[in-house]
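> need a structure here:
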Amino acid sequence: MSEDSQALIKALHPPGVPGEDDDVRFYGSNQRETLAHYRLLFPELISYRGGLFVERQFDKPLIDSLLDQAEFDTGESPIATAEETINSLGLLNEDEDEFDLAVAQANAEAIGWVWKRWLRETYAVEIEVITAIVDADQCYVTFRSLQSPEQQA
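Predicted coordinates:
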C-alpha cells in the first residue's frame, strides 16, 4: 500500500473517534445525499485565466479581482491564491449536537486525497490540498494548482 493510501486510511480512522462505521450509512441516507457527496469529491471544473475552479463556486468578478490584485506582488502565485479562495469547501456541523473536529479533519483529508487523484487523472494537473481549522466548530479544505518552474517564470 502506498504512503498516500496509508495516510488516507489513517485519516479515515482517527484515534478517539468511537465506532467502526457502526452509525454511518453509505455516503448519506438517501440517493440525493449520496449524489451530493460524489459531486463534492468529483467537482466539475472551469478553466479560467490559467486556473481551475470548481464550477458551482465560480465567481468571475471575484476571480478577476483577485488576479488583478496581483500587481501588488505578495510573492504568492495569483492563480493559486484565486484557486484556493474559490475552491474552498467548508465543513460545518449542521445536524449533529456536537461538532467533532477529528471527524471533520478526517473528512477534509479524505476529500483532499480524492481531489489530488481526480485532478491528476482527469486534468493532468498537480494540486496542493490545504486543510485548515477555522474555529472550534468549522474547518475547510481547498486546493490550488502546483505550478512547474516553467509556468512560474
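> Now do the strands in this protein.
Along the chain, the stretches classed as strands by DSSP state E are 45-48, 51-54, 89-92, 127-135, 138-145.
> so who does residue 92 touch?
99, 137, 138 (CB atoms under 8 Å, 6 or more residues apart in numbering). Where you see a C-beta, it was placed from the backbone N, CA and C, and this is true even at glycine.
> Tell me the buried residues within these.
Among the contacts of residue 92, those classed as buried by 16 or more other CB atoms under 10 Å are residue 99.
> just the contacts of residue 92 now: which is nearest residue 114?
residue 138 (20.8 Å; CB to CB).
> Surely residue 59 is in contact with residue 88?
No: using CB atoms under 8 Å, residue 59 makes no contact with residue 88, being 11.6 Å away.
> for the contacts of residue 92, which one is nearest residue 122?
For those, the minimum distance to residue 122 (CB to CB) is 28.8 Å, reached by residue 138.
> What is the neighbour count of residue 80?
Counted with other CB atoms under 10 Å, residues neighbouring residue 80 total 19.
> Verify the stated contact: it with residue 145.
Yes: judged on CB under 8 Å, residue 80 makes contact with residue 145 at a distance of 5.7 Å.
> any common contacting residues for the two?
The overlap between the contact sets of residue 80 and residue 145 (CB under 8 Å, 6+ apart) consists of 51, 128.
> So which elements touch the longest helix seen in the chain?
Counting by DSSP state H, the longest helix found in the chain is helix 101-123. Under the contact criterion of 3 or more CB pairs under 8 Å, 6 or more residues apart in numbering; DSSP states H and E, helix 101-123 touches helix 3-12, helix 31-41, strand 89-92, strand 127-135, strand 138-145.
> could you give the angle of the fourth one to helix 101-123?
Yep, that's strand 127-135 we're talking about. 160 degrees (axes from the mean of the first three to the mean of the last three CA atoms, to 10 degrees).
> Could you pull out the buried residues of strand 127-135?
Here strand 127-135 shows 127, 129, 131 as buried, counting by 16+ other CB under 10 Å.
> got a markdown table for those, with distance to residue 117 and pLDDT too?
Formatted as a markdown table, the buried residues of strand 127-135 follow (distance: CB to CB, whole Å; pLDDT from 0 to 100):
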| residue | distance to residue 117 | pLDDT |
| --- | --- | --- |
| 127 | 10 | 94 |
| 129 | 11 | 95 |
| 131 | 16 | 90 |
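> Show the contacting residues for residue 141.
88, 89, 91, 107, 108, 109, 111, 112, 129, 130, 131.
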